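Chemist: Build me a structure from this.
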Amino acid sequence: MTETHVWFEKLMGENEISLSPKQLEQFDTYHRLLVEWNERMNLTGITERDAVFEKHFFDSLSLSFFVNMKDVRKIADIGSGAGFPSIPLKICFPHLKVVIVDSLNKRIQFLNQLVTELGLEDVNCVHGRAEDIARMPEYRDTFDLVTARAVARLNVLNEFCLPFTRKNGLFAAMKGSQSVEEVKEAGVSLRELRGKVRAEHAFKLPFEQSERHIVLIEKTDSTPKKYPRKAGTPLKEPLI
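Modeler: The predicted structure follows:
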């Protein structure tokens, strides 16, 4: 077992996640593929092994410290990039049925290769804009948990993500520094998209000590027909 494995397994154990040798091997393979593909396309600015385990894997799994993943069956990851947080969550919680939505086909190619090499089942990587995919009946108002990690401001993220969330399900916005203003600014979008803030969690990464915030938003009703607006509009004209 490597030094990285030792501290990673310890931190996970402190948060009631037990890692098998197979799962540690999957994280190693994930890191290797991330570095290999990153030489051909821009997936991440973080490639050093310990940094990837802390800033990508631990950070992704932090969601499970605040949400009971045993109660989650279907998860959608919007704008996932290199698979964060959904793939680390899938490795640790194999029962999850995962849909990843990303607008860049090259990233979808990486994710499909990753899913194959990790031997993961029930992971569907979908190429498209969130605003378009959320209009499809098989994805709309469907998921127990929807995630987005450092994608946009909350008033924009709500329009990207709440249309995927089922009634009484959760949308988790995973962010770096979280300002009170951003949550206040999201008031109109929450009202329009039938969401309410259930909880806000703040913590620091174990070594780097950079701040992380998770805003948990509960979906109170089905998405109104007019949302999401056409692709590009939420970013250009946020609901405020």
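
Chemist: Please point out which parts of the lowest-mean-pLDDT helix or strand in the chain sit buried.
Modeler: Lowest by mean pLDDT, DSSP states H and E among the helices and strands of the chain is helix 180-185, with a mean of 86. Using 16 or more other CB atoms under 10 Å as the test for burial, helix 180-185 gives E182, V183, E185. Glycine gets a C-beta too; all of them are placed from N, C-alpha and C.

Chemist: Dump these into a markdown table; add distance to F203 as well.
Modeler: Formatted as a markdown table, those follow (distance: CB to CB, whole Å):
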| residue | distance to F203 |
| --- | --- |
| E182 | 17 |
| V183 | 17 |
| E185 | 23 |
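
Chemist: and of those, the nearest to V151?
Modeler: E182 (12.9 Å; CB to CB).

Chemist: Contact partners for the closest one?
Modeler: By CB atoms under 8 Å, 6 or more residues apart in numbering, the residues touching E182 are R153, L154, N155, K175.

Chemist: ok, now K55?
Modeler: I46, L205, E208.

Chemist: how close does it sit to A82?
Modeler: Distance, K55 to A82, by CB to CB, to the nearest Å: 12 Å.

Chemist: now do D122
Modeler: 19 Å.

Chemist: any idea which helix is longest in this structure?
Modeler: In the chain, taking DSSP state H as the definition, the longest helix is helix 21-38.

Chemist: Between D122 and A82, tell me which one has more neighbours.
Modeler: With neighbours defined as other CB atoms under 10 Å, D122 and A82 compare such that A82 has more, 22 against 14.

Chemist: Let me know whether that one touches R107 as I believe.
Modeler: Yes: in terms of CB atoms under 8 Å, A82 counts as a neighbour of R107; the distance is 7.0 Å.

Chemist: Now the common contact residues for these two.
Modeler: In contact with both A82 and R107: L43, using CB under 8 Å, 6+ apart.

Chemist: residue ranges for the strands of this structure, please.
Modeler: 74-78, 97-102, 123-127, 143-149, 165-175, 195-204, 211-219 (DSSP state E).

Chemist: Output those strands in CSV, with mean neighbour count, distance to Y227 and mean pLDDT appended to each entry.
Modeler: Putting these into CSV (neighbours: other CB atoms under 10 Å; distance: least, CB to CB, whole Å; pLDDT from 0 to 100) gives the following:
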stretch, mean neighbour count, distance to Y227, mean pLDDT
strand 74-78, 26, 14, 98
strand 97-102, 23, 16, 98
strand 123-127, 19, 19, 98
strand 143-149, 25, 14, 97
strand 165-175, 22, 12, 97
strand 195-204, 14, 11, 95
strand 211-219, 20, 12, 95
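
Chemist: Thanks again, I'm all set now.
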